[in-house]
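Asks: Task: produce atomic coordinates for the following.
(chains A and B)
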Amino acid sequence: MSKWSNHCVAVMPLVFGFFLSTVLFTGAIAANHHRPKHPGIGRDATPAEVRAWDIDVRPDFKGLPIGTGSVAQGQLVWEGKCESCHGTFGESNAVFTPIIGGTTQQDIVRGRVAGLRDEKNQRTTLMRVATVSTLWDFIHRAMPWKAPRSLSVDETYAVLAFLLNLADIVPSDFVLSNINISEVQEKMPNRNGMTLQHGLWSVSGKPDVNNVACMQNCPTSARITSFLPDKVRNANGNLLNQHRTYGPYQGVDTSKAPLPNLPSNDQDPKILDTLETVKQ
Amino acid sequence: MMEKKSRGQTQLAPENFLSAEHIQEIQQYGLDDQRRGFLRQSFLSAVGFSSVAHAQSQSEGEPAILEKQIWQTTLGNPVAKNPYGMPSIFEKNLIRRESPGLTRVSEASVAFTPLQGLFGIITPNGLHFERHHQGWVDVDPERHRLMVHGLVKNARVFTMNDLMRLPSTSRIHFIECGANTMFEWANVAVPTVQYTHGMLSCCEFTGVPLGVLLEECGADLKKGKYLLAEGGDGSGLTRTINLSEVLHEAIVAWGMNGEMLRPENGFPLRLVVPGVQGVSWVKWLRRLEVGDMPYASKDEAVHYSDLMPDGRTRQYTSIQECKSVITTPSGGQRLLEKGFYNISGLAWSGRGKIKRVDVSVDGGQNWQTARLETPVLSKALTRFHLDWVWNGAPAILQSRAIDQTGYVQPTIHMLRAVRGTRSIYHNNAVQSWRIAANGEVSNVQVE
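Replies: Model prediction:
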């Protein structure tokens, strides 16, 4: 009962607000229609068309449709439509990177995933994502893999509730809804893990580092610190077949061991003379 | 016995070493290893035969000149035999390729551009790199719509007919995936420039300026600082566009190098956001929503965000900083002999034009300024060259670009010191290619 009344309180203004805005919008067309610069090009979108396509959900939950889904309902959807790729517990690394794993109760309290500091750790979706809206939006817009946009709104809530339970963010009897999703946001393990303090959002942003254009006797040993061992030289396929078979830059036959020396060592003496001159 | 042929009559060249069936087979299926082996064998026997004939007259010249070739002595193909022209059968090796083990599903993978074989700055449409998140689709242009809504006076719908009637512009820009060179953060991992840098292409894009479209709808650009771009495919990929940064340059494009976009590149409509990483160039573009806050979509909240060593994630990292790479000679190639070579490569910056490129052949100890080929365009690939005579000694080739802001392309060690080794995206480090004494070129990192 209390839950239902909660719904009513929240839902009514939304419905009413939508109705009102539709009326205002329609009125606005007649009174204050923006005059396009290029006559005869394009047309106004109908409210139904905008509703059909405007499916994104923002971090402030603008765009989130009304609905509910329980962990138990989510498990049923999961087993039927998600498990084969993502594993029983969302842990599978077989097809995609794991969704679940690597978060702790302490992370949920802090809002920062400690495991992200260790470069050796596999990074899961729940470790990285800061906004629960992202998960709702993506599941609803693009999942399941081979049948995107086939989950209903309530199924989306249910699958998300199931995942949140797997990550120990909500209890197993939890029912996720448009009303309580903002409370879930306050428990997202990496909710405080994002920053916009960097130079790559703006063209005039400050780069992390700036090299020096040294030209002569530069401070480097030119020592090789990393190279591909001969035993993996064919790992990307035979490179002979990935280059032109003619011209100056032909491919190495990586199906064979490296040649001991340059095949054409016995060259035209005139070229060798030139080389000597260049050396000096 | 020589028989006098009447004028104009065609005959098969005597040195024709491939049967008509074989030529047809190669044209149809390309040069795989088996056919290549046959070709080589046939060629060797043909050469072997002729070398006997020419042994006594070697000083007269080489058979390629002294003997008539099949293409000189037969009737050529008719026009429009290939109504849509294809590269020569001898170019079959230069194709887009996946890198083994990168992803486990090819619908969410990458096919890399073969930069090792390209000239100039334009990427041929069939070789433009591919990156899809849920497979590629061939959208029916008659049923494709673009909706512009959100903080606009009028939400509007445009057909392709509408869009292609609007005043259009054509501009050349590079597109680089934010994850280009991702394999190389911790160590060398892949052998050729196709895999190290091949999530990079550059085309002339044609379309309507984004600003024209937004104005058409009465967009509130004071409140609406952000634009959500959404694709019309199954993934419905969405990205937040920083409007104030790119509005003057972004294009809603249908054209690519003079023809319509390829399906793999978003036919019939994609967003072009010069200087910004490829994922924001939303393909199969169906919707633009003007908004007042970023949207934190999956590809800006889980992926395409840079994890720092302190565990914090940089979100909405977008700009592709100044970068360059030598494409010839490059990893997996071999120099056949000592002597003159043209070192050539590409430089680009998401912050404007390339000002200068320096090249080192001794692992960064000494540098020479390369020759920039025109045109040098803002946020486009720039081709550079350096004359070089290889003396046969081991060498390490590097290029280092400087853009119009004065920013100098960093080393991998400089980047690692700030970003660690697992931030995946935005690796714009100097690339090193080692040339061994046996002529083999390989991917290395130096300090």
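
Asks: in the chain, which ranges drop under the pLDDT threshold?
Replies: No chain specified, so I'll use chain A. A:1-32, A:265-280 (pLDDT under 70).

Asks: switch to chain B, that's the one I care about
Replies: Judged by pLDDT under 70, the stretches of chain B that qualify are B:1-58.

Asks: Now do the SS call for whichever residue of chain A sits closest to chain B.
Replies: Residue nearest to chain B within chain A: A:A222 (2.8 Å; C-beta to the nearest C-beta). Backbone N, C-alpha and C define where each C-beta goes, glycine included. Classification of A:A222 using DSSP: H, G, I helix; E, B strand; the rest coil returns coil.

Asks: That one and A:F89, how far apart?
Replies: Per C-beta to C-beta, to the nearest Å, A:A222 is found 49 Å from A:F89.

Asks: The residue of chain A closest to chain B - how many residues pack around it?
Replies: Applying other C-beta atoms under 10 Å in any protein chain shown, we find 16 residues neighbouring A:A222.

Asks: what does the one 10 residues further on give?
Replies: Other residues lying near A:V232 total 12 when counted by other C-beta under 10 Å.

Asks: about what we covered before: wait, doesn't the residue of chain A closest to chain B sit right on B:V444?
Replies: No - the criterion here is C-beta atoms under 8 Å, and A:A222 misses it with B:V444 at 10.1 Å.

Asks: Residues in contact with both of the two, list them for me.
Replies: The contact sets of A:A222 and B:V444 overlap at B:I396 (C-beta atoms under 8 Å, 6 or more residues apart in numbering or on different chains).

Asks: about what we covered before: and the residue of chain A closest to chain B, what does it touch?
Replies: B:362-365, B:396, B:446 are the contacts of A:A222 under C-beta under 8 Å, 6+ apart.

Asks: Now do the same contact list for the residue in the stretch 51-200 of chain B positioned nearest to chain A.
Replies: The nearest approach of the stretch 51-200 of chain B to chain A comes at B:K153, 3.5 Å away (C-beta to the nearest C-beta). By C-beta under 8 Å, 6+ apart, the contact list for B:K153 reads A:32-34, B:217-220.

Asks: Let's see the ChimeraX selection covering just the buried ones among those residues.
Replies: Buried subset of the contacts of B:K153, written as a ChimeraX selection, criterion 16 or more other C-beta atoms under 10 Å in any protein chain shown:
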select /A:34 /B:217,218,219
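
Asks: Which of the three states applies to B:S442?
Replies: Criterion first, three-state DSSP; result for B:S442: strand.

Asks: Then B:G345?
Replies: Applying three-state DSSP: B:G345 is strand.

Asks: number of nearby residues for the closest residue to it other than its chain neighbours?
Replies: Spatially, and ignoring its direct neighbours in sequence, B:G345 is nearest to B:I326 (3.9 Å; C-beta to C-beta, 6 or more residues apart in numbering or on different chains). Counted with other C-beta under 10 Å, the neighbours of B:I326 add up to 26.

Asks: Show me what the host helix or strand of B:I326 is packed against.
Replies: Assigned by DSSP states H and E, B:I326 belongs to strand B:323-328. Judged by 3 or more C-beta pairs under 8 Å, 6 or more residues apart in numbering or on different chains; DSSP states H and E, strand B:323-328 is in contact with helix B:193-197, strand B:339-348, strand B:354-360, strand B:395-403.

Asks: Out of these, which is the most enclosed?
Replies: The highest average neighbour count among these, using mean count of other C-beta atoms under 10 Å in any protein chain shown, belongs to helix B:193-197 at a mean of 29.

Asks: and the next element down the chain from that one?
Replies: Next element after helix B:193-197 (DSSP H and E): strand B:200-209.

Asks: Which elements pack onto that following strand?
Replies: Counting by 3+ C-beta pairs under 8 Å, 6+ apart, strand B:200-209 packs on strand B:169-176, strand B:251-256, strand B:339-348.

Asks: and the angle from it to strand B:169-176?
Replies: Here strand B:200-209 points in a direction 150 degrees away from that of strand B:169-176 (axes from the mean of the first three to the mean of the last three C-alpha atoms, to 10 degrees).

Asks: Strand B:200-209 pairs with which strands, and in what direction?
Replies: Under the criterion DSSP bridges, strand B:200-209 sits next to strand B:169-176 (antiparallel), strand B:251-256 (antiparallel) in its sheet.

Asks: quick one, helices of chain A?
Replies: Assigned by DSSP state H, chain A shows helices spanning A:2-32, A:47-53, A:71-81, A:83-86, A:105-110, A:125-128, A:132-142, A:153-166, A:181-185, A:269-279.

Asks: and the fifth one, is it in reach of chain B?
Replies: No - legend: contact between helix A:105-110 and chain B by C-beta under 8 Å from any C-beta of the partner chain is lacking; minimum distance shown is 10.2 Å.

Asks: which residues sit against that helix?
Replies: For helix A:105-110, contacts defined as C-beta under 8 Å, 6+ apart pick out A:113-115, A:168-169, A:187-190, A:192.

Asks: ok, and of the residues you listed, which contact chain B?
Replies: Among the contacts of helix A:105-110, the residues that sit close to chain B (C-beta under 8 Å from any C-beta) are A:113-115, A:190.

Asks: is it true that B:T169 touches B:P209?
Replies: Yes - applying C-beta under 8 Å as the test, B:T169 and B:P209 come out as touching, 5.7 Å apart.

Asks: shared neighbours, the two?
Replies: B:I251.

Asks: if you count what's nearby, which of the two comes out ahead?
Replies: Neighbours were counted for B:T169 and for B:P209 using other C-beta under 10 Å; B:P209 has more, 21 against 15.

Asks: who's the more buried one bridged to?
Replies: Here B:P209, judged by DSSP bridges, has bridge partners B:I251.

Asks: Could you report the separation of it from B:L247?
Replies: For B:P209 relative to B:L247 (C-beta to C-beta), the value is 9 Å.

Asks: Would you map out the domains in chain A?
Replies: Taking automatic domain parsing as the reference, chain A has its domains at A:3-44, A:55-201, A:230-279.

Asks: Name the stretch among the ones you listed that sits most buried.
Replies: Buried most deeply of those, by mean count of other C-beta under 10 Å, is domain A:55-201, with a mean of 19.

Asks: Leaving out the residues flanking it, which one is nearest to residue 96?
Replies: No chain specified, so I'll use chain A. Leaving aside its chain neighbours, A:F96 sits nearest to A:C85 (6.2 Å; criterion: C-beta to C-beta, 6+ apart).

Asks: hm, I was asking about chain B
Replies: B:A111 is the one closest to B:R96 (C-beta to C-beta, 6+ apart), at 3.8 Å.
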